[in-house]
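Participant: I'll drop the sequence and a predicted model, then ask my questions.
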Amino acid sequence: MKKLWMLSVLCAAFATSHAFARDSINTYPVGDALKSEPGKVGDDIALYFADQPHPAVQKSLGQFATNKKTNAFGKSDVQACQHVFLSAVVELQERARKEGGNAVINIKSNYKNELRASATEFTCGAGAVIAGVALVGDVVTLKAAK
């Protein structure tokens, strides 16, 4: 009887875990995400996504990647993805400050190591309890506009 009870518990746990094992991969607007939490992203480090035009590069300081996760429990996919996107952008800005740069250019989504270049959208994976965004970008010093 004890073995039957343990088997029932294991089967229920397995069935429940599959019900919550969701990984929806979608794209969301960069502009909406940047406005979703005012003041979170600094304005001292410029951000240029994909092939957006920018001033001439004075000095390249390296390519850097982020891979951020956040708690998605009780949040919509949009809310969780916007929040974790901002965390990834802030990490890129912090790296630019550390390296002495004033911008991050060529920012691309790199979710599950699949590069996607878009000036208007980012890729996010959202599950029942975790959402994630991975970005890669080039930290640079841009020439000052004349």
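Facilitator: Received the coordinates, thanks. As the structure is a computational prediction, the values presented were derived from the model and not from experiment.

Participant: what packs against the one helix or strand V133 maps to?
Facilitator: Using DSSP states H and E, V133 maps to strand 130-142. Strand 130-142 sits against strand 57-71, helix 77-99, strand 103-109, strand 121-126, with contacts defined as 3 or more C-beta pairs under 8 Å, 6 or more residues apart in numbering; DSSP states H and E. Every residue, glycine included, has its C-beta placed from N, CA and C.

Participant: Now do the buried residues in it.
Facilitator: For strand 130-142, the neighbour count (16 or more other C-beta atoms under 10 Å) marks 131-142 as buried.

Participant: For L115, give its distance to A50.
Facilitator: 10 Å (C-beta to C-beta, to the nearest Å).

Participant: What of A131?
Facilitator: 22 Å.

Participant: could you point out which element follows the lowest-mean-pLDDT helix or strand in the chain?
Facilitator: Least confident helix or strand, the chain: helix 2-20 with a mean of 48, by mean pLDDT, DSSP states H and E. Beyond helix 2-20 on the C-terminal side, the first helix or strand identified by DSSP H and E is strand 24-29.

Participant: Run through this protein and note the low-pLDDT ranges.
Facilitator: Low-confidence segments of the chain (pLDDT under 70): 1-22, 145-146.

Participant: Go again with 50.
Facilitator: Residue ranges of the chain with pLDDT under 50: 4-7, 9-10, 12-20.

Participant: before we move on, back to that, neighbour count: L115 and A50, which is higher?
Facilitator: Per other C-beta atoms under 10 Å, whichever of L115 and A50 has more neighbours is A50, with 16 against 11.
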